[in-house]
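Enquirer: I would like to see how this sequence folds:
(2 chains)
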Number of protein chains: 2
Amino acid sequence: MDRQRTRAVVLLSGGLDSATCLAIAQDQGFEPYALSFRYGQRHEFELQAAERVAGQIGAAEHLVMNIELDRIGGSALTSDSDVPKHDNAGEIGDGIPSTYVPARNTVFLSFALAWAEVLGASDIFIGVNVVDYSGYPDCRPEYIAAYERMANLATRAGVEGEQHLTIHAPLSEMSKGEIIQRGIELGVDYGLTHTCYDPQPDGRPCERCDACHLRARGFDEAGIPDPLLAGKARSGD
Amino acid sequence: MDRQRTRAVVLLSGGLDSATCLAIAQDQGFEPYALSFRYGQRHEFELQAAERVAGQIGAAEHLVMNIELDRIGGSALTSDSDVPKHDNAGEIGDGIPSTYVPARNTVFLSFALAWAEVLGASDIFIGVNVVDYSGYPDCRPEYIAAYERMANLATRAGVEGEQHLTIHAPLSEMSKGEIIQRGIELGVDYGLTHTCYDPQPDGRPCERCDACHLRARGFDEAGIPDPLLAGKARSGD
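Expert: Numbering: from 1, shown residues only, chains lettered A, B, ... in the order given. Down below sits the predicted model:
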C-alpha cells in the first residue's frame, strides 16, 4: 500500500521533537526513511529511543550511521566535560551552550542529502525549532534556508534540473507545548522518547539539564503529564 | 616556529589535486590540518598515499575519519559495480559518471567545518577543479560558493560575528597540467600520490579508468613524465 507514497528522509534523534517531525512527515503523506547517528554521544539511550519511535510511527526503514564526531571534539555532549545542570529552569543561559556540537546539523543533513539522492527522495525533514535553538546556530531558519540552497546545487538534480530538493523544518515556529500537542494528535507515544543530555545509569532523565528543563516546560505548557515521569511527583521548577 | 601561523583544514584524498592544494595552503602561510576519509572506497591505496603526502608536505596533523557512505550506496566507487574503463581517453563521457558518490563533497566539507570550528580555523581548502569536475555537481564553483554561504551561518562564528569562514578552491580554474606545474614548483612529490579508481592488486594504476586518463593528460600537458609510471613506456592514448 506504500507503493505510491513519496519518499522523504527524516532525521531522528529519539527526542520528542524529531519523533513529532517523523509523525508530521508521515501525516503529510510521505513514506518516511528515518536516519539516526551514533556520533560519540555519552550514552545509547537516545538511539534505543529512536529505534522504538521509528517502529511505533512506522518508518519504512531506520538507518543508524556510525560517525566519529567525538574524535573532533568541541562539545560537552561528546567529551568528558560536564553537562551544565541547574535546579531552576530560569538559569538556562542565552549564549551558545557547551552542549553545542560543532556543525552537527550540517553533518547530519549532509548524510540525509546523500541518502535522499540514493532513495530518489526530494524531501528531508529536520526537527529544529526556536525553543530547542537555545543558542544553537544551526537551528536557525536562515541556516536551514542556506542549507537548502546549497543542497540544490550539490546533487545530480542540481545539474539536471529534474527535481527540487526541500528541507522541511515543520517545528521551526512552534513552541515546545505546541509540538507536544501536535504529536499527541498524531498518536506519538512520548513515553518512548528520550530527551535528557546526561541520564541516570538506568536511562531515567536527570531532570536538571537544559534539555530536561525544556521538556518539562513543554509538557506544562501543553497541560499534560510527561509519560516518562508517570507516577512521580515532579520536584524543582 | 609554527606558533604564529593561521590554521586551515585541507581535504586530502591522496590524489594529485588535493596534494597540490595542501602545498598551496602551506605556501600561502597557513598551518595545514589534513583531513581524509575512509568512506567505503574499494581500496586503501589512496589513504596510504594521503598519509605519505601529509608527511612529505608537512601537515600539522592528519586525521582520517571513518564514515560509512558505502552503507548509503549509489556509486561505483563504494559498491561492487564496475568502474567504467576505456583504452582511449576520448571516450570519457559528458554526463555524471557512475563514479559520482552522492553528496560526497558536502559530507567531507561538513566534517571539515566541524574540525575547523574546534581548531579555531576560518579557512578550509578543497582541491576541486573544472577538469576533475567531469560532470560532478559538487565540484562546481557555484556549489562551493553556496556551501560557503551556508557554512557562515552554521557555526558559532555565524552567530557571534567573530570571524568569516572561507572555502578556498585554489585549483578551481586550473587545468590538470597547470596544477601539476604548480605542484612541482612547490616541491610536491607526485610519486607519492594515488589517482586510479580501480588499481591493480599491488596498487599500480590501471591506466584505463577516467581518473588515470585525466592524470595522463595532465602530465602530457605539463610536459613531464608521471613519476608513478617511471621506467615504463606508456601504451594506449
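
Enquirer: how about the lengthiest strand in chain A as PDB, C-alpha atoms only?
Expert: Ranked by residue count under DSSP state E, the longest strand found in chain A is strand A:30-38. Extracted in PDB, the C-alpha atoms of strand A:30-38 (Å, rounded to 0.1, in the frame of the first residue of the first chain):
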ATOM      1  CA  PHE A  30       5.400  10.900   2.800                       C
ATOM      2  CA  GLU A  31       6.900   7.400   3.200                       C
ATOM      3  CA  PRO A  32       9.500   8.300   5.900                       C
ATOM      4  CA  TYR A  33      13.100   6.900   6.000                       C
ATOM      5  CA  ALA A  34      14.400   7.600   9.400                       C
ATOM      6  CA  LEU A  35      18.100   8.400   9.800                       C
ATOM      7  CA  SER A  36      20.000   8.400  13.200                       C
ATOM      8  CA  PHE A  37      23.600   8.800  14.100                       C
ATOM      9  CA  ARG A  38      26.000   7.200  16.600                       C
END
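
Enquirer: by contact count, what packs against the helix or strand following it?
Expert: Tracing the chain C-terminally past strand A:30-38 and defining elements by DSSP states H and E, one meets helix A:45-57 next. Contact here means 3 or more CB pairs under 8 Å, 6 or more residues apart in numbering or on different chains; DSSP states H and E; on that basis helix A:45-57 packs against helix A:16-27, strand A:30-38, strand A:61-66. Glycine gets a C-beta too; all of them are placed from N, C-alpha and C.

Enquirer: which of those sits most buried?
Expert: helix A:16-27 (a mean of 26; mean count of other CB atoms under 10 Å in any protein chain shown).

Enquirer: what's in contact with it?
Expert: A:8, A:10-12, A:32, A:34, A:50, A:53-54, A:57-59, A:123, A:125-129, A:132, A:168, A:170-171, A:179-180, A:182-183, A:186-188, A:190, A:192-193, A:195, A:215, A:218 (CB atoms under 8 Å, 6 or more residues apart in numbering or on different chains).

Enquirer: turn the helices and strands packed on helix A:45-57 into a markdown table, columns for distance to residue A:140.
Expert: Output for the helices and strands packed on helix A:45-57, formatted as a markdown table (distance: least, CB to CB, whole Å):
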| stretch | distance to residue A:140 |
| --- | --- |
| helix A:16-27 | 15 |
| strand A:30-38 | 21 |
| strand A:61-66 | 24 |
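
Enquirer: show me what the longest strand of chain A is packed against.
Expert: Using 3+ CB pairs under 8 Å, 6+ apart, strand A:30-38 is in contact with strand A:6-11, helix A:16-27, helix A:45-57, strand A:61-66, helix A:104-119, strand A:123-125.

Enquirer: that strand relative to helix A:45-57, how many degrees between them?
Expert: If you take axes from the mean of the first three to the mean of the last three CA atoms, to 10 degrees, strand A:30-38 sits at 170 degrees to helix A:45-57.

Enquirer: related to what we said a few turns ago, could I get the helices and strands packed on strand A:30-38 as CSV with mean pLDDT?
Expert: Shown next, in CSV, are the helices and strands packed on strand A:30-38 (pLDDT from 0 to 100):
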stretch, mean pLDDT
strand A:6-11, 98
helix A:16-27, 97
helix A:45-57, 96
strand A:61-66, 96
helix A:104-119, 94
strand A:123-125, 98
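
Enquirer: so for residue B:226, which of these sits nearest?
Expert: Proximity to residue B:226 (CB to CB) singles out helix A:104-119 among the helices and strands packed on strand A:30-38, at 32.4 Å.

Enquirer: on contacts alone, who are the packing partners of that closest one?
Expert: In terms of contacts (3+ CB pairs under 8 Å, 6+ apart), helix A:104-119 is packed against strand A:6-11, strand A:30-38, strand A:123-125, helix A:141-154, helix B:69-72, helix B:104-119, helix B:141-154.

Enquirer: what residues of that helix count as buried?
Expert: Residues of helix A:104-119 classed as buried: A:104-117, A:119 (neighbour count, 16 or more other CB atoms under 10 Å in any protein chain shown).

Enquirer: so what's residue A:124 up against?
Expert: Shown in contact with residue A:124 (CB under 8 Å, 6+ apart): A:8-11, A:109, A:112-113, A:116, A:151, A:165-168.

Enquirer: could you give the bridge partners of it?
Expert: According to DSSP bridges, the residues that bridge with residue A:124 are residue A:9, residue A:167.

Enquirer: quick one: it from residue A:35, how far?
Expert: Residue A:124 is 9 Å from residue A:35, where distance means CB to CB, to the nearest Å.

Enquirer: and for these two, which residues touch both?
Expert: A:9-11, A:112.

Enquirer: can I have the buried ones of the residues you listed as a ChimeraX selection?
Expert: Selection of buried members from the shared contacts of residue A:124 and residue A:35 for ChimeraX, criterion 16+ other CB under 10 Å:
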select /A:9,10,11,112
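
Enquirer: quick check: residue A:194 is in a helix.
Expert: No - counting by DSSP: H, G, I helix; E, B strand; the rest coil, residue A:194 is located in no helix; its state is coil.

Enquirer: output the below-cut-off pLDDT ranges for chain A.
Expert: A:1-3, A:74-100, A:131-135, A:157-163, A:231-237 (pLDDT under 70).

Enquirer: change it to 50
Expert: Flagging of chain A using pLDDT under 50 yields the residue ranges A:1-2, A:233-237.

Enquirer: tell me which strands the longest strand of chain A pairs with, and in which orientation.
Expert: Using DSSP bridges, strand A:30-38 pairs in its sheet with strand A:6-11 (parallel), strand A:61-66 (parallel).

Enquirer: residue A:179: helix or strand, and which one exactly?
Expert: helix A:176-185.

Enquirer: now do that helix: distance to the chain's middle.
Expert: When C-alpha coordinates are averaged (CA atoms, centre = their mean, to the nearest Å), helix A:176-185 and its chain have centres 14 Å apart.

Enquirer: contact partners of it?
Expert: For helix A:176-185, the surrounding residues in contact (CB under 8 Å, 6+ apart) are A:16-17, A:19-20, A:23-24, A:129, A:131-132, A:171, A:174, A:190, A:214-215, A:217-224.

Enquirer: one more pass at 6 Å, please.
Expert: Contact with helix A:176-185 is made by A:20, A:23, A:131, A:171, A:217-218, A:221-222, as judged by CB atoms under 6 Å, 6 or more residues apart in numbering or on different chains.

Enquirer: now do stretch A:31-49
Expert: Contact with stretch A:31-49 is made by A:2, A:5, A:7-14, A:22, A:25-26, A:50, A:54, A:59-67, A:69-70, A:78, A:112, A:193-194, A:199, A:203, as judged by CB under 6 Å, 6+ apart.

Enquirer: residue A:107 against residue B:108, yeah?
Expert: No - judged on CB atoms under 6 Å, residue A:107 makes no contact with residue B:108 at a distance of 10.4 Å.

Enquirer: please determine how far residue A:104 is located from residue A:166.
Expert: Per CB to CB, residue A:104 is found 21 Å from residue A:166.

Enquirer: no wait, residue A:123
Expert: 5 Å.
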